[in-house]
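> Need a 3D model of the sequence below.
(one chain, ligands or ions: 1)
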Amino acid sequence: MTEPVIYDIGRPGLCAMPFPAPDVPRAPLPDGMVRDELRLPEASQLDVVRHFTRLSALNHSIDKGFYPLGSCTMKYNPRINEDMARLAGFAGTHPMQDEEVAQGNLHLMFTLQEWLKEIGGFAGASLQPAAGAHGEFAGILMVRAYHLDRGDTQRRKILIPDSAHGTNPASTAMSGYSVVEIPSDSRGNVDLAALRAACDDHVAGLMLTNPNTLGLFDEHVQEVVDLVHGCGGLVYGDGANMNALLGIARPGDLGFDILHYNLHKTFGTPHGGGGPGSGPVAVCERLAHFLPGPIVERVDEGNPSLVRREPPEDGDLTYYHLVMPPKSIGRVKVFHGHMGIFVRAYAYIRMHGPDGLRRVAEHAVLNANYLQARVGQWFPIPQRDRICMHEFVAEGTVPGSDVRALDISKRLMDFGIHPPTNYFPLIVHEALMIEPTETESKATLDTFAAAMAQIAREAVEQPELLHQAPHTTPVSRMDEVKAARELVLSYWNVKQ
Ligand SMILES: *Cc1c(COP(=O)(O)O)cnc(C)c1O
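The predicted structure follows:
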């Protein structure tokens, strides 16, 4: 990197922040609290502002440009969500405050639980898990608790289609189950014959992503669910792709027993930087007692722990309190989960309303099908004959050229576009998984299509241009293996 960094701009003695005079007597710091060996930069406030403003623009983000990163739902996050999450009453509450003085927060959490039940068609919900993968883990622990509670101890296997996200087998293994992979058929559905053969009384459940990571709604979802239920297993739904279903189909109605939501994907929290997220789980009636807790419950006759209570002026005795479901798998998170994301999801759902949520899904699906038709002019699409849901997977290959998906993705960065998801799902050769989301205009989709057309031409005419891309970013083609294995996190280590 040739650009100046804060350590070089700074000078000893400069200070960005005037500290207020202390209002308590000065006292020496305890030994060991001041570490003189740390080479912290000293810089003026302007230097610091410029430093961080420059850094903030180096990375790509949804606020800078198109971000069709498949399966991640990089939609525009309405600014109203941020305003709501920063309201002092939400942002300033401490999780150890008494229920009595946190009724507004609990009301919001309760309402969000209710909405998530309604949207997915479920009987219970818990907001505890911190992200999608964490929701999976909680979900599989519930599967386990359910079988053990019935004295059904011989179930050891969780069935997972080969198109699944890597977190599915990881959550399964962490819960102590073994993974049985189920192949996909030629149309991208779960292979029913293979599933039938795997279904026996050792099956604890199936983890199904629907629409799956090929962007396809399983054409036999009812048979899949019935086969698993038929052998005594439960059906877990990976809800990362709920953006395709909102207001149109409810996993609970399809027979799913558990579903996690990725609030940060579907309901408008920025998540390009890796978190925090939120992965609530919703369940059918027979699993409600096993939910991770505490969850929020509403009492209509006032605070149950107070013997006498002055009726409030408006006569409304509604009271919210935290309860542990009777057979709960326990806590999976400190305190109550990620409140800031609950507020954003609440604001998002409230703002859209039921009809608006349905339009989100309709436009997400429409945009993906439009792009599938355009991109399919230049790149192979294995499931072209099918209508995709909110995303589709193309092959990053061009006849007569040796370019790979990675080259195409890197070249897209020169157009100010974030690459699609690469090499996932694993069952598509040179996979490029493209998810435009509902928030992009036709003009943006056309710009992307034009970039793909140009890249397809370049792949034949000047393949080196693609092999060496990107050309316009602060850092060009990296040795990604070396970058992952020999991560250097300290500036001083680079300098020395
Ligand atoms: C994103 C995703 C996950 C994991 O969710 P996180 O919130 O990132 O933990 C799981 N499955 C699928 C299909 C996903 O797209």
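> Contact partners for Met17?
Counting by Cβ atoms under 8 Å, 6 or more residues apart in numbering, Met17 touches Gln45. Just so you know, the C-beta spots here come from the backbone N, C-alpha and C atoms, and that holds for glycine as well.
> so how far is Glu181 from it?
Met17 sits 55 Å away from Glu181 when distances are taken as Cβ to Cβ, to the nearest Å.
> got it, and Leu406?
When Cβ to Cβ is applied, the distance between Leu406 and Glu181 equals 25 Å.
> More neighbours: which of these two?
Neighbour tally, Leu406 and Glu181, criterion other Cβ atoms under 10 Å: the higher count belongs to Leu406, 19 against 12.
> Show residues contacting the helix or strand that contains the more buried one.
Secondary-structure element containing Leu406, defined by DSSP states H and E: helix 405-413. Helix 405-413 is touched from outside by 60, 395-397, 418-420, 422-423, 430-432, 451-452, 455, 458-459, 463, 465-467, 469-470, 472-473, 477, with contacts defined as Cβ under 8 Å, 6+ apart.
> 7 Å - rerun?
Contact with helix 405-413 is made by 396, 419-420, 422-423, 430-432, 451, 455, 466-467, 469-470, 473, 477, as judged by Cβ atoms under 7 Å, 6 or more residues apart in numbering.
> After that helix, which helix or strand is next?
As the chain continues past helix 405-413, the following element, by DSSP H and E, is strand 421-422.
> what's across from the residue of the stretch 351-496 of the chain found nearest the ligand in the sheet?
Distances between the stretch 351-496 of the chain and the ligand by Cβ to the nearest ligand atom are smallest at Thr421, namely 8.7 Å. The residues listed as beta-bridge partners of Thr421 by DSSP bridges are Met433.
> Which pLDDT value belongs to Arg39?
Predicted confidence (pLDDT) for Arg39: 77.
> so who does Arg404 touch?
Arg404 sits next to Gly396, Glu430 when contact means Cβ under 7 Å, 6+ apart.
> near the ligand, which residues of this protein show up?
Where the chain comes near the ligand, counting by Cβ under 6 Å from any ligand atom, the residues are 71, 131-133, 165, 167, 209, 213, 238, 240, 262, 277, 279.
> rerun at 5 Å
Ser71, Ala131, Gly132, Ala133, His165, Thr167, Thr209, Asp238, Ala240, Asn262, Gly277 (Cβ under 5 Å from any ligand atom).
> which parts of the helix holding Leu406 are buried?
For helix 405-413, burial by neighbour count (16 or more other Cβ atoms under 10 Å) applies to Ala405, Leu406, Asp407, Ile408, Ser409, Lys410, Arg411, Leu412, Met413.
> From what I see, Tyr320 and Val296 are in contact.
Yes - using Cβ atoms under 7 Å, Tyr320 and Val296 qualify as a contacting pair, with a distance of 5.5 Å.
> who's more crowded, those two?
When Tyr320 is set against Val296 and neighbours are counted by other Cβ under 10 Å, the residue ahead is Val296, at 24 against 20.
> For my notes, confirm the more buried one occurs in a strand.
Yes - under DSSP: H, G, I helix; E, B strand; the rest coil, Val296 falls within a strand.
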